[in-house]
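> Below: sequence and its predicted model.
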Amino acid sequence: MATLAADIALTPAAAKRVAWIAERQSKPAILRLSVEGGGCSGFQYKFGLAEELEDGDTVVETDGVKLAVDDMSLDLVRGCSVDFVDTLGGAHFTVENPNAASGCGCGSSFSV
């Protein structure tokens, strides 16, 4: 069973973008954030739309959109906020992670 928690946050801007993408792909508005080994700094963030919530997921909901994080990844992103930014440099999801000791220039990997 998925648990709801305030260990993570999804900004309204990110929720709006997930809803837009999900609608166009005819999928549920569930964004999955996971952490994998690799990237420039040791760990990298992975984003994708999920078909459903999984047992053990921690879930937060903003404006009807869910952000799901698995148990293994949660320890590395606890307290983080997922946002969506659209600038001249490009549009992308970003993670504000208070646990990261350092990150890379692209913002998609970090170390603890």
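Nice, I can see it. Residues are numbered from 1 along each chain as shown.

> Pull out the buried positions in the strand or helix carrying Gln44.
Element membership for Gln44 (DSSP states H and E) is strand 43-49. Using 16 or more other Cβ atoms under 10 Å as the burial criterion, the residues of strand 43-49 that qualify are Phe43, Gln44, Tyr45, Phe47. C-beta here means a position set from N, CA and C on the backbone, and glycine is covered the same way.

> Confirm for me that the last one is in contact with Glu36.
Okay, so that is Phe47. No - if you go by Cβ atoms under 8 Å, Phe47 and Glu36 don't touch, sitting 11.4 Å apart.

> Mind telling me what element the closest residue in space to His92 that isn't next to it in sequence is part of?
Setting aside the residues directly before and after it, His92 is nearest to Val85 in space (Cβ to Cβ, 6 or more residues apart in numbering), at 6.5 Å. Assigned by DSSP H and E, Val85 falls within strand 81-87.

> relative to strand 43-49, how tilted is that strand?
Relative orientation of strand 81-87 and strand 43-49, computed by axes from the mean of the first three to the mean of the last three Cα atoms, to 10 degrees: 80 degrees.
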